[in-house]
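A.B. asks: Show me the folded form of this:
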Amino acid sequence: MVPTAAVLGVALMATGVWASNTVINDLFGGPQPNQVFPADTVAYAQIDLKPSATQMAGYAEFIGRLPDSVREDLDNEEDPAADFFEESFDYLDYEEDVSPWLGRRFGAAMLPSGESEDGQGVTGALAIAVTDEAAASEALDKIKAEEGEEFEYEFRDGFAVIAESPSILAELGSKVESDGSLADDPEFSSDMGAAAQDSIAAGWFDIGAAAKLAGDALSSATGGSEDYGYDGYGYEDYSTGPELPDPAELDITGRAVAAVNVEGEYLEVRGDLFEFSAAGFSLDDYQPSETGLTELGELPSDTVFGFGGSSLDELSEQAWDDLAGAIPEVTEEIEAGAAEVGGLEIPGDLGKVLGAQTAFGTNAISGGDDPFADSGAFQYRAAGADKALFDELSEAAAADSYSSPPGVKEEDGTVVLSSGSSSQDKLGDDPVYQQVMQDTEQASLGYYMDVRALMESTEDAPDADQWGAVGFTASFGDGQATSLFRWAPSGG
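C.D. replies: Okay, here's the model as predicted:
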């Protein structure tokens, strides 16, 4: 729902019809869908198209930066919601049946219920903001009659709340009255406040609660037996696949949030993982001693794909230990192979390869169907890595190949492995790179892709130079992981 809402939200904000109606009707603020769902909700998603004046200004600037070909497809005089309703329900006239009551906020929830069809487990519910309950009733009743759908609805706090039965609606209302709404839950409010404020679309997921529900459902399906891979007599049951671990033993906890925001220069999708742990793995174990993506910015300016990180030696060693605890057979095989081929001790020697600051970039786009096509240049940078090791690897590559081996040199303590011809300018000096990779001081991982170069490689891209770039960063610390994905177009 979140990525779909990103596209829908940008389209809606780009239209004069929707935006002007929003402003004229003074729809800033008001209730949110999370106020009509109970506090024990396991998963929640929302679309919020009631922006503040500041958000509207940011949307306008972003729309102005979109490539010409994209802005030409955005009809300023057409309401995109009309296409959705009239294509989905061809018996509805959007202007007469929907537009008079349709609000600008939507929510969906998954939650435990004793009133679901199987008597236990989870159920779903929707919340649609309405401005005219009588008009909304006519449209919803028409949908029920035409589609033969079994659903019920009621109006609560400015929303039409929709569920599969009257008993579920009553259960939802009773829970909100007795235990409070999702909006009242302190963990939900804290999580969403940190990541999803002023977002077009956002989602929240209680991983621990969902894992418990899944474990209960599995236990119920197997009659309470803990021997999930065996039949009732203790013999292996090949029909059910491999033996599964007891979900209770995994001890899964944590929560996740995803949100879509539009700033003036870029569109951003943010993801946060809070207090996650499972089967001995915990985010608390990932505390990098050094952060930042300095080597990524040192790559050549014509880099099309670039990846970088800091403290990857530490993070990789921790991840390897966690992986070895889960799948020891696989990690032992890899360790043996690394020792045989390169004389490396995994994970202890990862620092010799990765260093404290790491980056890899290439200006290659695609060789297409031609296997002899130029694969482009690449550069690998590792601050504090073992240059002697890379010299040995380069010599070994030269002995087994007719082509020139990668060159190895050292720049102020950074080992640089490169092949092919690339720009002498730095990627970090590119203004578009600076837009999508800003505020990376706390990042441990980063990824960059130049969309302009990709569009130039296509057959029909009249505005290739206006597509900008995308960037991704991830940071760890204090039991939390945060990722940021940004697209900064360069049109307008």
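A.B. asks: In stretch 346-357, which residues are buried?
C.D. replies: 346-347, 349-357 (16 or more other C-beta atoms under 10 Å). All C-beta atoms are positioned from the backbone trio N, CA, C, and that covers glycine.
A.B. asks: Out of those, which is nearest to residue 263?
C.D. replies: Nearest to residue 263, judged by C-beta to C-beta, of the buried residues of stretch 346-357 is residue 357 at 27.7 Å.
A.B. asks: and the closest one, what does it touch?
C.D. replies: By C-beta atoms under 8 Å, 6 or more residues apart in numbering, the contact set of residue 357 is 290, 292-295, 308-310, 381-384, 414.
A.B. asks: repeat that with 10 Å
C.D. replies: Contacts for residue 357 (C-beta atoms under 10 Å, 6 or more residues apart in numbering) come out as 290-296, 298, 308-313, 381-385, 413-414.
A.B. asks: Residue 294 now?
C.D. replies: Neighbour list for residue 294: 308, 310, 356-357, 359, 381, 383, 414, 428, 440-441 [criterion: C-beta under 10 Å, 6+ apart].
A.B. asks: Which one of those sits in the busiest neighbourhood?
C.D. replies: Among those, residue 310 has the most neighbours (other C-beta atoms under 10 Å), with 31 neighbours.
A.B. asks: which residues sit in contact with that residue?
C.D. replies: Contact analysis of residue 310 by C-beta under 10 Å, 6+ apart lists 288-296, 354-359, 383, 440-446, 475.
A.B. asks: Keep only those of those residues that are in strands.
C.D. replies: 357-359, 383, 445-446, 475 (DSSP state E).
A.B. asks: between these, which is closest to residue 178?
C.D. replies: Of the ones in strands among the contacts of residue 310, the one sitting nearest to residue 178 (C-beta to C-beta) turns out to be residue 475, at 39.1 Å.
A.B. asks: wait, doesn't residue 144 sit right on residue 138?
C.D. replies: No. Between residue 144 and residue 138 there is no contact under C-beta atoms under 10 Å: 11.0 Å.
A.B. asks: which of the contacts of residue 357 count as buried?
C.D. replies: Counted by 16+ other C-beta under 10 Å, the contacts of residue 357 give 291-296, 298, 308-313, 381-383, 385, 414 as buried.
A.B. asks: Now, those residues that are in helices?
C.D. replies: If you go by DSSP state H, the buried ones among the contacts of residue 357 have 294-296, 312-313 in helices.
A.B. asks: Among those, which pair sits farthest apart?
C.D. replies: 296 and 313 (16.1 Å).
A.B. asks: and the residue most central in space within the chain, what does it touch?
C.D. replies: With distances taken as C-alpha atoms, centre = their mean, residue 271 lies nearest the centre of the chain, 5.6 Å away. By C-beta under 10 Å, 6+ apart, the contact set of residue 271 is 2, 195, 203, 256-259, 474, 481-485.
A.B. asks: For residue 157, give me its contacts.
C.D. replies: Residue 157 sits in contact with 30-33, 35-36, 127, 129, 176, 181, where contact means C-beta under 10 Å, 6+ apart.
A.B. asks: returning to that earlier point: and of the contacts of residue 294, the nearest to residue 122?
C.D. replies: residue 440 (38.7 Å).
A.B. asks: which ones are touching the residue lying closest to that closest one once chain neighbours are set aside?
C.D. replies: Among residues not flanking residue 440 along the chain, residue 293 sits closest, at 4.6 Å (C-beta to C-beta, 6 or more residues apart in numbering). Residues counted as contacts of residue 293 (C-beta under 10 Å, 6+ apart) are 306-310, 357-359, 428, 437, 440-441, 443-448, 471, 473.
A.B. asks: re the thing from before, just put the contacts of residue 271 in CSV and tack on secondary structure and pLDDT.
C.D. replies: Output for the contacts of residue 271, formatted as CSV (DSSP: H, G, I helix; E, B strand; the rest coil; pLDDT from 0 to 100):
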residue, secondary structure, pLDDT
2, helix, 45
195, helix, 72
203, strand, 94
256, strand, 94
257, strand, 94
258, strand, 93
259, strand, 92
474, strand, 94
481, strand, 91
482, strand, 92
483, strand, 93
484, strand, 93
485, strand, 94
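A.B. asks: with the residues you listed in mind, which one is nearest to residue 169?
C.D. replies: residue 203 (22.8 Å).
A.B. asks: doesn't residue 259 make contact with the closest one?
C.D. replies: Yes. Taking C-beta under 10 Å as the definition, residue 203 is a contact partner of residue 259 at 7.6 Å.
A.B. asks: Name the residues contacting each of these two.
C.D. replies: 2, 46, 192, 195-196, 271.
A.B. asks: For residue 153, state which of these is nearest.
C.D. replies: residue 46 (17.9 Å).
A.B. asks: coming back round to it: and which of the buried residues of stretch 346-357 is nearest residue 56?
C.D. replies: Closest approach between the buried residues of stretch 346-357 and residue 56, by C-beta to C-beta: residue 357, at 40.3 Å.
A.B. asks: Tell me the confidence at that closest one?
C.D. replies: Among the per-residue scores, residue 357 shows a pLDDT of 92.
A.B. asks: right, and residue 425 touches residue 302 too?
C.D. replies: Yes. Counting by C-beta under 10 Å, residue 425 does reach residue 302; the two are 8.0 Å apart.
A.B. asks: Comparing the two, which residue is more hemmed in?
C.D. replies: More crowded of residue 425 and residue 302, by other C-beta under 10 Å: residue 302, with 19 against 11.
A.B. asks: which ones are touching the more buried one?
C.D. replies: 361-363, 376-377, 421-425, 427, 430, 450, 453.
A.B. asks: which SSE is residue 127 in?
C.D. replies: strand 122-130 (DSSP states H and E).
A.B. asks: Let's test this: mean pLDDT of that strand, rounded?
C.D. replies: Mean predicted lDDT for strand 122-130 stands at 93.
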